[in-house]
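Q: Predicted model and sequence below, questions to follow.
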Amino acid sequence: GQNIDQPTEMTATEGAIVQINCTYQTSGFNGLFWYQQHAGEAPTFLSYNVLDGLEEKGRFSSFLSRSKGYSYLLLKELQMKDSASYLCAVPNDYKLSFGAGTTVTVRA
Amino acid sequence: DAGITQSPRYKITETGRQVTLMCHQTWSHSYMFWYRQDLGHGLRLIYYSAAADITDKGEVPDGYVVSRSKTENFPLTLESATRSQTSVYFCASTARGGYNEQFFGPGTRLTVL
């Protein structure tokens, strides 16, 4: 099974950088997803890491270390619209197991 | 409409009533999923389906029934609603299972009184 942990809440200032950590324990590893979910809306895909290292997509980057069971999502140059929940998820066969999510609040 | 849709978007019902939540996708995705989302628990998988007529239980299936007679539809039925089933329900689909991104519907907010 999967055991996925991420912080519940984080607060940061507009223009700053925030790093959201996710640790997981899984019986078999097939990558790690990050989703973004604004309040009252559906989750939307941000990234998928299957190999170790950092992948950058504009202001968002995602890092994976398979040996440490660890990933992080890095949000740079924070904007007010980045206030949302960020969910990490691990595949298990063709299902996804989600962490409880990290709510990021961006303050002016 | 293209994409994945859910209906109704909001539903209020009473304890003991049967409720069906609808999910429809236009991509012909093989895999479909039902999740519930509650504060402090994140998204929890209720049922999933790999193809028409193939369904299986997820993490929290008790009190729910699903069917999938057509690839594009995946209804979720609460046979006798309970207050603990008050939640936001999301349907999702993907073409090739867990190693591909899932696309989520807009959600149904269900309140059981």
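A: Sure thing, it's come through.
Q: doesn't B:Gly105 make contact with A:Ala42?
A: Yes. The criterion here is CB atoms under 8 Å, and A:Ala42 meets it with B:Gly105 at 6.3 Å. (Glycine included, C-beta is placed from N, CA and C.)
Q: Tell me the confidence at A:Glu77?
A: Per-residue pLDDT puts A:Glu77 at 97.
Q: any idea how far the spatially closest residue to it that is not a sequence neighbour lies from B:Lys57?
A: Closest residue to A:Glu77 apart from its sequence neighbours, by CB to CB, 6 or more residues apart in numbering or on different chains: A:Arg59 at 5.3 Å. Going from A:Arg59 to B:Lys57 by CB to CB, to the nearest Å gives 39 Å.
Q: Please tell me the pLDDT value assigned to the residue of chain A found nearest chain B.
A: When scored by CB to the nearest CB, chain A has A:Tyr94 as its residue closest to chain B, at 2.6 Å. Looking at A:Tyr94, its pLDDT reads 76.
Q: Same question for B:Asn100.
A: Per-residue confidence (pLDDT) for B:Asn100: 84.
Q: what does A:Pro91 give?
A: 87.
Q: how about low-confidence regions in chain A?
A: Per-residue confidence for chain A (pLDDT under 70) gives these ranges: A:1-2.
Q: quick one, strands of it?
A: Using DSSP state E, the strands of chain A run over A:2-5, A:9-13, A:18-26, A:32-37, A:44-49, A:53-57, A:60-65, A:70-75, A:84-92, A:95-98, A:102-107.
Q: which SSE is the residue nearest to the spatial centre of chain B in?
A: Geometric centre of chain B, nearest residue: B:Trp34, 3.0 Å, by CA atoms, centre = their mean. Secondary structure from DSSP states H and E places B:Trp34 in strand B:31-38.
Q: where does chain B come near chain A, residue by residue?
A: Counting by CB under 8 Å from any CB of the partner chain, the positions of chain B adjacent to chain A are B:31, B:33, B:35, B:40-45, B:48, B:50, B:58-59, B:90, B:94, B:96-99, B:101-107.
Q: One more pass at 7 Å, please.
A: B:31, B:40-43, B:45, B:48, B:50, B:58, B:90, B:97-99, B:101-102, B:104-107 (CB under 7 Å from any CB of the partner chain).
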